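Participant: sequence unknown, structure follows:
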């Protein structure tokens, strides 16, 4: 695990430092592989966490919720935000209950959220969100029109601090437990799409793109 | 979508109310199906979100991090917490970029975290965490001993408020877009384990349990 550009106290991971990293490439890779971010912010001392679709654009993250909810409007007021993305790559089954674990890649980002209002930026964010979920899809789908862009609430944050944490590999049991008659190993959990289901009102003669049929996250 | 036991303002979902629910059975079902929770709390006005393994025990949620980090110790001091669990069931590809969506089940829980110190409660929480990830595994693995339990940091919160949000089904496009030559439908994303990988130091003659070979989340 590499550690580059040491970060501020709030993102310093004190325990399992061997699993922590501030490597920009690693952080970006995990963000690009995830689908949903959990975004935390504070309103009147109360923490809120909401799941949002996101996309990375360089050192910025654009966020989109289902609609302009009260909470998402709060996000746009320039509040400090902590954003978490976690990929569970596998379940780690040890002989001992204690050494059970998960193989995962996670990122926690700190930044300040603000609303995206510039129409060109909003369109670019919109395309990034669509392409983040299905690469290339923004150029296949009918682009958002002016009304739709106006009705879309997009928030952006610049990554001020970030830390990544990764576990991989087999279980690590105590030497005394290795002879126990308990199966140990890893159950991988790849994110792989099942065969696509066409919309009931799909006109005939259309097929999904290759990466929609064999969908897989990195 | 059902709505039972209307909740307080903090968990009221204002938009897409058709997708919101306070149904206890639905909330519990989503919590039981998830693997990782994103836990948000506030330290000196700064929001933090950390991923944690969790398990539901009735109306309580037990949480376990990799080790007793600074942040997890903060959690144990009786702070207000917001906890999010999101399952992405599928990607919803519409003809228009605007109507792209995800099929998902998500829960946001509000509560107050506290440390679990009673040894019996701690053991029960520990078993619940192991069984949450792989049902039945706690009775297969070598149980935690006293030292391991002492070294395990478990936090618990009682669900004070919760809301669930669910989207399912095909894309819903504008009537004007139905004739576009763009494939539309859903890419399902079931959480299914790949074939288990035995630990390199596994003694011979052991095989994984049936639900470890054919692993699947609800």
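Facilitator: Received it, and whenever you're ready, just let me know what you need. Computed from a predicted structure; not experimentally measured.
Participant: ok, now how distant is residue A:197 from chain B?
Facilitator: Distance of residue A:197 to chain B, computed by CB to the nearest CB, to the nearest Å: 5 Å. Heads up, the C-betas are built off the backbone N, CA and C, glycines and all.
Participant: how many neighbouring residues does that residue have?
Facilitator: 15 (other CB atoms under 10 Å in any protein chain shown).
Participant: quick check: pLDDT value at the closest residue to it other than its chain neighbours.
Facilitator: Computed as CB to CB, 6 or more residues apart in numbering or on different chains, the closest residue to residue A:197 that is not its neighbour in sequence is residue B:186, at 4.7 Å. Confidence at residue B:186, expressed as pLDDT, is 98.
Participant: same question for the one 10 residues further on.
Facilitator: pLDDT recorded at residue B:196 is 98.
Participant: can you check residue A:52 too?
Facilitator: The model reports residue A:52 with a pLDDT of 95.
Participant: cool, and the one 3 residues further on?
Facilitator: What the model reports as pLDDT for residue A:55 is 98.
Participant: three-state assignment of it?
Facilitator: strand (DSSP: H, G, I helix; E, B strand; the rest coil).
Participant: look up how far chain B lies from residue A:123.
Facilitator: 10 Å.
Participant: cool, and residue A:171?
Facilitator: Separation of residue A:171 from chain B (CB to the nearest CB) stands at 6 Å.
Participant: now do residue A:87
Facilitator: Using CB to the nearest CB, one obtains 9 Å as the distance from residue A:87 to chain B.
Participant: what is that residue paired to in the beta sheet?
Facilitator: With DSSP bridges as the criterion, residue A:87 is bridged to residue A:105.
Participant: my guess is it contacts residue A:103, does it?
Facilitator: No - counting by CB atoms under 8 Å, residue A:87 stays clear of residue A:103, with 9.2 Å between them.
Participant: related to what we said a few turns ago, so which strand or helix has the residue nearest to residue A:197?
Facilitator: Here residue B:186 sits within strand B:185-188, counting by DSSP states H and E.
Participant: quick check, distance from that strand to the centre of its chain.
Facilitator: Its chain's average C-alpha position is 22 Å from that of strand B:185-188, according to CA atoms, centre = their mean, to the nearest Å.
Participant: mind listing what's buried along it?
Facilitator: Buried positions in strand B:185-188, judged by neighbour count with 16 or more other CB atoms under 10 Å in any protein chain shown: B:185, B:186, B:187.
Participant: name the strands paired with that strand and say parallel or antiparallel.
Facilitator: Here strand B:185-188 is paired, per DSSP bridges, with strand A:197-198 (antiparallel), strand B:80-93 (antiparallel).
Participant: now residue A:162, what's its secondary structure?
Facilitator: Per three-state DSSP, residue A:162 ends up strand.
Participant: wait, it sits on residue A:109?
Facilitator: Yes - judged on CB under 8 Å, residue A:162 makes contact with residue A:109 at a distance of 4.6 Å.
Participant: and for those two, which residues touch both?
Facilitator: Shared contacts of residue A:162 and residue A:109 (CB atoms under 8 Å, 6 or more residues apart in numbering or on different chains): residue A:27.
Participant: among the strands paired with strand B:185-188, which comes closest to residue A:62?
Facilitator: Nearest to residue A:62 among the strands paired with strand B:185-188 is strand B:80-93 (17.9 Å), distances taken as CB to CB.
Participant: roughly how far is stretch A:53-70 from the heart of the chain?
Facilitator: Centre-to-centre, stretch A:53-70 and its host chain are 11 Å apart (CA atoms, centre = their mean).
Participant: mind listing the strands for chain A?
Facilitator: A:20-21, A:36-43, A:46-57, A:60-64, A:80-93, A:101-115, A:154-158, A:161-167, A:185-188, A:197-198 (DSSP state E).
Participant: quick one: least confident helix or strand in chain A?
Facilitator: One helix or strand of chain A scores below all others by mean pLDDT, DSSP states H and E: strand A:20-21, with a mean of 54.
Participant: surely residue A:135 and residue A:210 touch.
Facilitator: No - using CB under 8 Å, residue A:135 makes no contact with residue A:210, being 10.9 Å away.
Participant: higher neighbour count, those two?
Facilitator: Using other CB under 10 Å as the criterion, residue A:135 and residue A:210 rank with residue A:135 on top: 13 against 9.
Participant: please name the nearest non-neighbouring residue to that one.
Facilitator: Leaving aside its sequence neighbours, residue A:135 sits nearest to residue A:211 (CB to CB, 6+ apart; 6.3 Å).
Participant: list the contacts of the one you found.
Facilitator: Contact analysis of residue A:211 by CB under 8 Å, 6+ apart lists A:134, A:135, A:136.
Participant: what about the first one, how many neighbours?
Facilitator: Going back to what we said before, that points to residue A:134. 20.
Participant: what does the last one give?
Facilitator: Residue neighbour count, defined by other CB under 10 Å, stands at 13 for residue A:136.
Participant: which ones are touching residue A:174?
Facilitator: Residue A:174 sits next to A:96, A:99 when contact means CB under 8 Å, 6+ apart.
Participant: same check on residue A:111?
Facilitator: Taking CB under 8 Å, 6+ apart, we find residue A:111 in contact with A:61, A:80, A:81, A:83, A:157, A:158, A:159, A:160, A:161.
Participant: show me what the last one is bridged to.
Facilitator: Judged by DSSP bridges, the bridge partners of residue A:161 are residue A:110.
Participant: closest one of the buried residues of strand B:185-188 to residue A:56?
Facilitator: Set against residue A:56, the nearest of the buried residues of strand B:185-188 by CB to CB is residue B:187 (21.1 Å).
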